[in-house]
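Chemist: no sequence on this one, just coordinates:
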C-alpha cells in the first residue's frame, strides 16, 4: 500500500508540475468581461464514491455569482467504475452514471438560484478494460479486479443480507435539487471572494435506491482568490440527510466534505484545472467504507461566445476502498 501511494504521489506531482509549467508558458494578462470574472470556475464534478454518491453530494462551486438577470443552462454527465473488495465482508463491482441538468438564474444583486434534475443509475459502461489498462500503465495493483468477470455487476454485503447481481442494473435515483447562493465578498482584491450556498435535494422515485420523499439539505461555503496565472478555490460543506439507508445499507445522517483546487489559466478562454475532493465516510461500521473518501479531479475547460465546455477525469487516492477506480466526465454550460 505504501508503494502504491508513493506511485500516486509521483504521478500527481508530475501532472501538477506539467500544468504549472504550461500555464506559465501560455498565461496572458487580460481584462476579462466582468460577467465571467476571468474564471472558468471549478470542474462540475461531485463525489463519485459509491456511498457518497447515493444522496445529496455538494458540487464544487465558485463564489462568483451570476449578475442580476443573467441565466445559464448546464448539462453534466459522468461515468464511473467501482471495484471494492474486503474478503468476507463486502464486494462492490459495478459501473454507474451521474447525469445532471440545471438552470441557474441571477434574480437579484449578489443572489442566484439553481434548479436541477439529477439522475444516478447502475449500468454496464464497459469501463473495466480501460481501468485495468490505466492501472497497468502506472504500475497500480488491480486488487482482485482481474480475478472476476469483466464488466460484471455485483454488490454483496453478507452482514446486511445484500446480494445484488446483474439484475441491479437499471436501479436508479432521481432527485430535484435547489441551490441558493448569496455572494458575500466579490470585488475585493485583498480578500478572497466568498459566497454561501443553501443546498437541497428531494428524492422523487417510489421504487428507487433511496426512499421516495427524502429531503437532504445543507450549507456550503465557497472561496476563490485570483493568482498571477489563475484562481485558487476552496469549498467546505455540511449536509444533513433525510434518509438513513440505501439498497438496504445503513448510512449516517450527516456528512462533512471539502474541496481544494487550482485553475491554471492558459488563455483568456482556456484553463487546466486540478481539484482534490474529500468526503466523510457515511457507511456505518463497514471497514474502509466508514472512512473518508479522497478523489482527484483533473480536467480542461474552454469557453466560446456563449458556452463553457468541460472534459474531466476522476481518480482515487489514499483510501482506495471507498472511492471510484476511475471516472470520466463531460460538461456544457450555455449562457442565455
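Modeler: It's in. Since we're looking at a predicted model, the values are computed, not measured.

Chemist: for the chain, which segments count as helices?
Modeler: Read by DSSP state H, the chain holds these helices, from start to end of the chain: 2-26, 128-137.

Chemist: mean pLDDT for these: which is lowest?
Modeler: Between these, the one with the least mean pLDDT is helix 2-26; it has a mean of 45.

Chemist: low-confidence regions, this structure specifically.
Modeler: Segments of the chain classed as low confidence (criterion: pLDDT under 70) are 1-37, 135-136, 138-148, 187-189, 206, 208-209.

Chemist: list the contacts for the residue nearest to the spatial centre of it?
Modeler: Central residue check for the chain by CA atoms, centre = their mean: the C-alpha nearest the mean position is that of residue 46, 2.1 Å away. For residue 46, the contacting residues are 53, 57, 58, 59, 60, 98, taking CB atoms under 8 Å, 6 or more residues apart in numbering as the criterion. Any C-beta I mention is one placed from the backbone N, CA and C, and that applies to glycine too.

Chemist: so who does the spatially closest residue to the fifth one that is not a sequence neighbour touch?
Modeler: If you skip the residues right next to it in sequence, residue 60 has residue 42 as its closest partner in space, 3.8 Å away by CB to CB, 6 or more residues apart in numbering. Residue 42 makes contact with 60, 61, 62, 233, 235, 259, 261, 263, 273, 275 under the criterion CB under 8 Å, 6+ apart.

Chemist: go again with 10 Å.
Modeler: Under the criterion of CB atoms under 10 Å, 6 or more residues apart in numbering, the contact list for residue 42 reads 59-62, 222, 224, 231, 233-235, 259-263, 273, 275, 277, 297, 299, 301, 310.

Chemist: by how many degrees do the biggest strand by length in the chain and helix 128-137 diverge?
Modeler: With DSSP state E setting the assignment, residue counts place strand 90-108 as the longest strand in the chain. Direction vectors for strand 90-108 and helix 128-137, defined by axes from the mean of the first three to the mean of the last three CA atoms, to 10 degrees, enclose an angle of 100 degrees.

Chemist: what pairs with strand 90-108, parallel or antiparallel?
Modeler: Based on DSSP bridges, the strands next to strand 90-108 in the sheet, each with its direction, are strand 71-86 (antiparallel), strand 111-123 (antiparallel), strand 154-157 (antiparallel).

Chemist: any idea which of the ones you listed gets closest to residue 329?
Modeler: Distances from residue 329 to each of the strands paired with strand 90-108 were compared using CB to CB; the shortest belongs to strand 71-86, at 4.3 Å.

Chemist: next, the buried residues of that closest one.
Modeler: 72, 74, 76, 78, 79, 80, 81, 82, 83, 84, 85 (16 or more other CB atoms under 10 Å).

Chemist: no more questions from me, cheers.
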